[in-house]
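*Asks:* dropping the sequence and predicted coords here.
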Amino acid sequence: MTSVRNSSAVDARSAQEDQTTLHVAEIEDAVLTLGGRTVLDGATINLRRGEIYVLLGPNGSGKTSLVRALCGQLPLAYGRVGIGEALVDPRQGSRARRLIGHVPQRVALFSRLTVRENLEVFSQLINREATRGRIEHLLDVTRLRSVADSMVATLSGGLQRRVNIAAALVSDPQLLLLDEPTVGIDLEARSAIHHVLGDLRDTGVAILMVTHDFDQAERLADRIGFLSEGRIVLEGRPDDALRSTFGTMKQIEAVLTDRADGRVDAALRAAGLEPVDGRLLWRGLIPDAQDASGVLMLLQSVEAPLREIRIREPGLDILFRHVTGRSLS
Amino acid sequence: MTAIVRVMFLSLIRDRAALSMAFALPPLVFIVFATIFASATGSELRLHVGLVDIVRTGATQRLVAALAAEPGIRLTALPGGTLDDLRGMVRNGVVDVGIAVQSDLETRPGGGPTPILVVEDVARALAVPIVIGHIQKTINEHLPDIALRRILTDVEAAGAITKEEREFLDQAFQAQSQEREGSGFAFAALFSREAATRIGVAGGPVAYYAGAIAAVFLLFTAMQGAATLVAERESGIFERLTLAPGGLSKVVAGKFVFLVAQGVIQVAIIFGFAWLLYGVDVGRVLPAWLVSCTLASAMAAGMSLALCSLCSTSHQAQLLSSFGVLLLSAVGGSMVPRFLMPEWLQQISWFTPNAWAIEAFQDALRPVSSETGLIAAWGVLSAVTLVSLFFTFLIVRMRQ
């Protein structure tokens, strides 16, 4: 496992936090086999009060299974699951499960009911009759007061996503699980959801978010975890993970106006770049920003159809590829 | 559970199409069916009969007059018409059946053509025995002297009576016929009618169709409501609720309670129209009818939930709710009364919920004379409901 936790700086910080921060959920050494296939292979995650943990991994890496195991919905062949301050196994009792709020990837709401009615109904269904005050509070927290009496079917996708989150909060959970909470919505709506999640973190809720969106992870995550082949292969604060992995290296991106021919392809690869997006976007790492001029000269020498060269700090996408050897797509 | 009842209620009243389907369409379809089938199978059946009297004897003219007065047929006589004219009318669908009186009514076999030739359209073969029945009834009731003379002709030919005795009887029959218009003959008193039920089912065949249409729409709307199980699973609501203690069981229970309540209201509306328009008096048997209504609704709700719990997609649920319900309704007697079906199909129909629901409604309307049948129907409906609910909870739990 390539783990940021192995680096001395991050380890020291994590150890300190482990002692001072309360865990509200954990899954440890989880081994899960489904249909003869090992889906989780020793995955371990600890979730702390008041943090956003973003779990990243390609399709089939075991993200959904890990979340379901955390909810006690899948029987582990080996390992331990605990929810709440007492870390009670959710398979042992409904009280532990009630501490979890689950936001499914799809908008799981009653579309012909209003926002307020949805919150009331979900509250009744999970055996926790929310008071009027609690519902009003949730409408404020999720910034839905202005549409509280609108039918869900009439709301925009972004607002429906926020109601989706609000419905998971009616049980006053200690742990909020979100599966791709911003799929298919515009930037403004996404930003609004980020604000909501930030507010929730500030109230002490632990948030585990599963996503394919590196940009979202960088912006929101207190900690990230890379899941590959059923194991957490990297975990830590995004900045720490990037710094400890790449040091002062920079990320270089070459944007072409046309597909690279054989000569250009060879030159790009020689410069350490790899195709990312339909062979028009190439990405790589350089030791320093000044090394970009060498790459530029090399590409000009082969008359590469170059539109743009970008230099930036390495992001989680390149870190993921660096650690796992594969991209999310 | 009450939360899901509330969801189902609000979703229904905010979906005008579903609301119409649940409460406006059933009485409309009932009225159409009742109008069509009450006239087709009940006392209002009046076949259109064309008639040509080729021989025009006194006896045949009496027959034509009597048939014209017969309420069960609508007679179009063709004075001066020919047999070909009559065939043309039948062929062109102007009349359902043609009657040609082609020889005297006392003509014996071998003595010429049969007195009455029935011209039929094979597409309306069912009309022939009905018309023949009407003719025989008319002869028995209005021309009994003719009927007896036909018998006497046979007896006379056999040598059992003398010519003098025959003449005496002919005169006696003629006198009796003229004086008492046939009512003195035994033939005229051969039939009388009585309802088998102590409490008559007011509305007659319409009462049957009220139950039959109710059974169809109970299944249709229950399937529509139960299909929300699939939609909610697809939308992720189930995924969210699996975390809640007993969440999905509450969903199933809530849907069941709502669908039963919806069914009771729906059936009440249909029978309400049956009472207003056709005089089907439910008030006299209200307790029994209410039990039948509740159990039929429960059966429809339970079965629909069980079937939808098996469906993986909304598309599957839609197919089941359309073709499945239509098939069950056709075999179960909701389209055509079971007694008109072939024997083998009648036996199969006992495996459909419609047949038992219709039995329950029918027997509830005449509870005194058919307690055994009513209790059997209630028992089957209850058993189907319980088994279906058990199955639904099991499947939902397994999928969870």
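*Replies:* Looks like it arrived, so ask away.
*Asks:* any idea where the helices of the stretch 101-250 of chain A begin and end?
*Replies:* A:115-125, A:132-141, A:157-168, A:187-202, A:214-220, A:238-246 (DSSP state H, counting those that start in this stretch).
*Asks:* between those, which gets nearest to chain B?
*Replies:* Distance to chain B, taken as CB to the nearest CB, is lowest for helix A:115-125 among these, at 3.6 Å. Placement of C-beta: from N, CA and C, glycine included.
*Asks:* can you show me the CA trace of that closest one as PDB?
*Replies:* C-alpha atoms of helix A:115-125 as PDB (Å, rounded to 0.1, in the frame of the first residue of the first chain):
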ATOM      1  CA  VAL A 115     -40.000  19.400   0.400                       C
ATOM      2  CA  ARG A 116     -41.500  19.700   3.900                       C
ATOM      3  CA  GLU A 117     -43.800  16.700   3.400                       C
ATOM      4  CA  ASN A 118     -40.900  14.600   2.300                       C
ATOM      5  CA  LEU A 119     -38.900  15.500   5.400                       C
ATOM      6  CA  GLU A 120     -41.900  14.700   7.700                       C
ATOM      7  CA  VAL A 121     -42.500  11.400   5.900                       C
ATOM      8  CA  PHE A 122     -38.900  10.200   6.100                       C
ATOM      9  CA  SER A 123     -38.800  11.200   9.700                       C
ATOM     10  CA  GLN A 124     -41.800   9.000  10.500                       C
ATOM     11  CA  LEU A 125     -40.400   6.100   8.400                       C
END
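*Asks:* re earlier: kindly reformat the helices of the stretch 101-250 of chain A as JSON lines containing mean pLDDT and mean neighbour count.
*Replies:* As requested, those are exported to JSON lines (pLDDT from 0 to 100; neighbours: other CB atoms under 10 Å in any protein chain shown):
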{"stretch": "helix A:115-125", "mean pLDDT": "90", "mean neighbour count": "24"}
{"stretch": "helix A:132-141", "mean pLDDT": "86", "mean neighbour count": "16"}
{"stretch": "helix A:157-168", "mean pLDDT": "90", "mean neighbour count": "23"}
{"stretch": "helix A:187-202", "mean pLDDT": "87", "mean neighbour count": "16"}
{"stretch": "helix A:214-220", "mean pLDDT": "87", "mean neighbour count": "19"}
{"stretch": "helix A:238-246", "mean pLDDT": "89", "mean neighbour count": "19"}
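*Asks:* so for B:Gly333, which of those helices sits nearest?
*Replies:* Closest approach to B:Gly333 among these (CB to CB): helix A:115-125, 39.6 Å.
*Asks:* for that closest one, name the packing helices and strands.
*Replies:* Applying 3 or more CB pairs under 8 Å, 6 or more residues apart in numbering or on different chains; DSSP states H and E, we find helix A:115-125 packed against helix A:132-141, helix A:157-168, helix B:2-13, helix B:247-278.
*Asks:* could I get those as CSV with distance to B:His134?
*Replies:* Shown next, in CSV, are the helices and strands packed on helix A:115-125 (distance: least, CB to CB, whole Å):
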stretch, distance to B:His134
helix A:132-141, 73
helix A:157-168, 68
helix B:2-13, 50
helix B:247-278, 25
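*Asks:* look at the nearest residue to B:Ala100 once chain neighbours are set aside and give its secondary structure.
*Replies:* Once flanking residues are discounted, B:Ala100 sits nearest to B:Leu117: 4.3 Å by CB to CB, 6 or more residues apart in numbering or on different chains. Classification of B:Leu117 using DSSP: H, G, I helix; E, B strand; the rest coil returns strand.
*Asks:* can you give me the domain assignment for chain B?
*Replies:* Following automatic domain parsing, one gets these domains for chain B: B:2-40+B:204-399, B:47-189.
*Asks:* for chain A, which spans come out with low pLDDT?
*Replies:* Residue ranges of chain A with pLDDT under 70: A:1-21, A:86, A:91, A:93-94, A:127-130, A:277-278, A:326-329.
*Asks:* domain ranges for it?
*Replies:* If you go by automatic domain parsing, chain A breaks into A:4-243, A:250-313.
*Asks:* for B:Ala59, find the nearest of the ones you listed.
*Replies:* Closest to B:Ala59 of the domains of chain A is domain A:4-243 (CB to CB; 73.7 Å).
*Asks:* distance between that closest one and the chain's centre?
*Replies:* Per CA atoms, centre = their mean, to the nearest Å, the displacement of domain A:4-243 from the mean C-alpha position of its chain is 9 Å.
*Asks:* next: stretch B:214-226.
*Replies:* Using CA atoms, centre = their mean, the mean C-alpha position of stretch B:214-226 is found 20 Å from that of the whole chain.
*Asks:* B:Ile99 in helix, strand or coil?
*Replies:* strand.
*Asks:* with A:Arg310 instead?
*Replies:* Once three-state DSSP is applied, A:Arg310 turns out strand.
*Asks:* quick one: the closest residue to it other than its chain neighbours from A:Val67, how far?
*Replies:* The shortest distance from A:Arg310 to any non-neighbouring residue, by CB to CB, 6+ apart, is to A:Glu253 (4.2 Å). Between A:Glu253 and A:Val67 the distance, using CB to CB, to the nearest Å, works out to 32 Å.
*Asks:* and these two? Which one has more around it.
*Replies:* Between A:Glu253 and A:Val67, counted using other CB atoms under 10 Å in any protein chain shown, the more crowded position is A:Val67 (22 against 17).
*Asks:* thought the more buried one was touching A:Asp179?
*Replies:* Yes: counting by CB atoms under 8 Å, A:Asp179 is a contact partner of A:Val67 at 6.7 Å.
*Asks:* spit out the residues that contact those two alike.
*Replies:* A:Val210 (CB atoms under 8 Å, 6 or more residues apart in numbering or on different chains).
*Asks:* circling back to that earlier point, may I see the helices of the stretch 101-250 of chain A organised as a markdown table, with distance to A:Asp288 added?
*Replies:* Shown next, in a markdown table, are the helices of the stretch 101-250 of chain A (distance: least, CB to CB, whole Å):
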| stretch | distance to A:Asp288 |
| --- | --- |
| helix A:115-125 | 52 |
| helix A:132-141 | 45 |
| helix A:157-168 | 41 |
| helix A:187-202 | 32 |
| helix A:214-220 | 22 |
| helix A:238-246 | 12 |
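*Asks:* quick one, which of those helices is nearest to B:Ala3?
*Replies:* helix A:115-125 (3.6 Å).
*Asks:* what's next to the closest one, contact-wise?
*Replies:* Contacts of helix A:115-125 (CB under 8 Å, 6+ apart): A:109-110, A:113, A:129-130, A:134-135, A:138-139, A:144, A:147-150, A:152, A:155, A:163, A:166-167, A:170-171, B:2-4, B:6-7, B:10, B:240-241, B:244, B:247, B:250-251.
*Asks:* now stretch B:301-319
*Replies:* Identification of contacts with stretch B:301-319 by CB under 8 Å, 6+ apart yields B:219, B:222-223, B:225-227, B:229-231, B:234, B:252, B:255-256, B:259-260, B:263, B:320-321, B:324, B:353, B:384-389, B:391-392, B:395-396, B:399.
*Asks:* what is the end-to-end distance of that stretch?
*Replies:* 17 Å (CA to CA, to the nearest Å).
*Asks:* can you say which of the contacts of stretch B:301-319 are buried?
*Replies:* The neighbour-count test (16 or more other CB atoms under 10 Å in any protein chain shown) marks B:219, B:222-223, B:225-227, B:229-230, B:252, B:255-256, B:259-260, B:263, B:320-321, B:324, B:353, B:384-385, B:388-389, B:391-392, B:395-396 as buried among the contacts of stretch B:301-319.
*Asks:* show me the residues you listed that map onto strands.
*Replies:* Of the positions in those, not one sits in strands, assigned by DSSP state E.
*Asks:* now the stretch 251-400 of chain B, which segments are flagged as low pLDDT?
*Replies:* Using pLDDT under 70, the stretch 251-400 of chain B drops low at B:367-370, B:400.
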